[in-house]
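Asks: for reference, the sequence and a predicted model appear below.
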Amino acid sequence: MLSQLPLFPEAASTIARGVDLLYLFLTSVTAFFSTLIFACIFIFAVKYRRSPKNQGPEAVHGNLGLELLWTAVPFVITLIMFTWGASLYMSDARVPPNASDIYVVGRQWMWKIQHPEGRREINELHVPIGQPIKLTLASQDVIHSFYIPAFRLKQDVVPGRYTTMWFEANKAGEYHLFCAEYCGTQHSGMIGRVVVMEPKEYENWLGGVTEETPVEAGEKLFTQFNCVNCHATGARQRGPQLGGLFGKDVQLEGGGTVKFDESYIRESIINPNAKIVAGYQPVMPTFRGQVSEEQILELIAYIKSLSPQEGK
Ligand code: CUA
């Protein structure tokens, strides 16, 4: 029914319907009370206007019943809005464990996207129906915002940190992709399309090209930047082994822990001395300016793929 209303863009993700319903609820409540209040203003203004018979109201000193009513009613309504909105937000914030990872780098003025199977694209995002997709978003320069109206999703893409969003597309088709944060002269041209495909079609689309996967590219970089020298076991080991660490808490030199996640890996590459793993010296050089955001994402994909036995 909602999709028939031209007010709403097409709905193509599992969360879209829920967002529309909440939006419709908020709008309806607002419209109802606005109408009620304005109707009361007009009716009372006419009905109680000053006349020879009516010389102004009597003063009213408190009305407990009325006060309880106008406190309780908005309280319940706003609590419904809060609970509804929060549960929707939480379902959107919790990434399902089987989601596949797609990396997005925003820069002036394009979106660069890399699939786990290796395929890369610019200003286009191909996804299959029925598969949860997790996007990890990084910016190479200024703040952008990744916006897919048909999925009812928008996420800021901020330089210096990672943001994530996830969705499950449920309707094949082509949809708009926008940058929704003013990011310079060509901001309005930072647009693209999202193509939602049947899983079979998506497989074909992926299979068409044989490019390095992020893990393979990351492995190369790991050797190229000589990371392997210090992070491999042996006499020359000077940094922690990275295999099997992803997602775990790591003890830090000087106390405290940090979660070994995308952000920590990124920080350790750009600013290695910020948080040193317990038992190691701050000897790692910074790679600031030497690696691009995409390369860091590839290194992360590689480190994530390492099992504890691989001893790197
Ligand atoms: Cu990127 Cu606006």
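Replies: Received it, and whenever you're ready, just let me know what you need.
Asks: now residue 103: how far from residue 284?
Replies: Distance, residue 103 to residue 284, by Cβ to Cβ, to the nearest Å: 24 Å. C-betas here are computed from N, CA, C, even on glycine.
Asks: these two: which has the busier surroundings?
Replies: Comparing residue 103 with residue 284 by other Cβ atoms under 10 Å, the one with more neighbours is residue 103, at 25 against 18.
Asks: tell me the secondary structure at the more buried one.
Replies: strand (DSSP: H, G, I helix; E, B strand; the rest coil).
Asks: per-residue pLDDT, it?
Replies: On pLDDT, residue 103 comes in at 91.
Asks: how close does it get to residue 92?
Replies: Residue 103 sits 20 Å away from residue 92 when distances are taken as Cβ to Cβ.
Asks: go on, residue 218?
Replies: On the measure of Cβ to Cβ, residue 218 and residue 92 end up 28 Å apart.
Asks: who has more neighbours, the two?
Replies: Neighbour comparison, residue 218 and residue 92: the larger count goes to residue 218, with 23 against 18 (by other Cβ under 10 Å).
Asks: burial measure for whichever residue of the stretch 1-150 of the chain sits closest to the ligand, as a count.
Replies: With Cβ to the nearest ligand atom, the shortest gap between the stretch 1-150 of the chain and the ligand falls at residue 144, namely 3.4 Å. Other residues near residue 144 come to 31 when the count uses other Cβ under 10 Å.
Asks: dihedrals phi and psi, the closest residue to it other than its chain neighbours?
Replies: Nearest residue to residue 144, sequence neighbours excluded (Cβ to Cβ, 6 or more residues apart in numbering): residue 106, at 3.8 Å. Dihedral pair for residue 106: phi -100, psi 140, per degrees, to the nearest 10.
Asks: so how far is residue 138 from the closest residue to residue 282 other than its chain neighbours?
Replies: Closest residue in space to residue 282, ignoring its immediate chain neighbours: residue 273 at 4.5 Å, by Cβ to Cβ, 6+ apart. Distance, residue 273 to residue 138, by Cβ to Cβ: 22 Å.
Asks: more neighbours, those two?
Replies: residue 138 (25 against 12).
Asks: pLDDT of the helix or strand that one falls within, averaged?
Replies: Under the criterion of DSSP states H and E, residue 138 resides in strand 133-139. When pLDDT is averaged over strand 133-139, the result is 92.
Asks: going forward can the numbers begin at 609, since that is how I track them
Replies: Got it, the first residue is 609 from now on, which makes the last one we talked about strand 741-747.
Asks: got a list of contacts for the helix or strand harbouring residue 735?
Replies: Using DSSP H and E, residue 735 falls within strand 732-736. Contact with strand 732-736 is made by 710, 712, 719, 721, 723, 727, 741, 777, 785, 800-807, 809-811, 813, as judged by Cβ atoms under 8 Å, 6 or more residues apart in numbering.
Asks: and what of stretch 784-799?
Replies: With Cβ under 8 Å, 6+ apart as the contact definition, stretch 784-799 has outside contacts at 617, 714, 716-719, 731-733, 749-758, 762, 764-765, 800-802.
Asks: nearest residue to residue 700 other than its sequence neighbours?
Replies: Leaving aside its chain neighbours, residue 700 sits nearest to residue 623 (5.8 Å; criterion: Cβ to Cβ, 6+ apart).
Asks: nope, residue 895 is what I was after
Replies: According to Cβ to Cβ, 6+ apart, the nearest residue to residue 895 is residue 877 (5.0 Å).
Asks: likewise residue 825?
Replies: Per Cβ to Cβ, 6+ apart, closest to residue 825 is residue 906, 4.2 Å.
Asks: what helix or strand is that neighbour located in?
Replies: Assigned by DSSP H and E, residue 906 falls in helix 901-913.
Asks: could you give the number of residues near the nearest residue to residue 846 once chain neighbours are set aside?
Replies: Nearest non-adjacent residue to residue 846, counting by Cβ to Cβ, 6+ apart: residue 838, 4.2 Å away. Residue 838: 14 surrounding residues under other Cβ under 10 Å.
Asks: cool, thanks, signing off.
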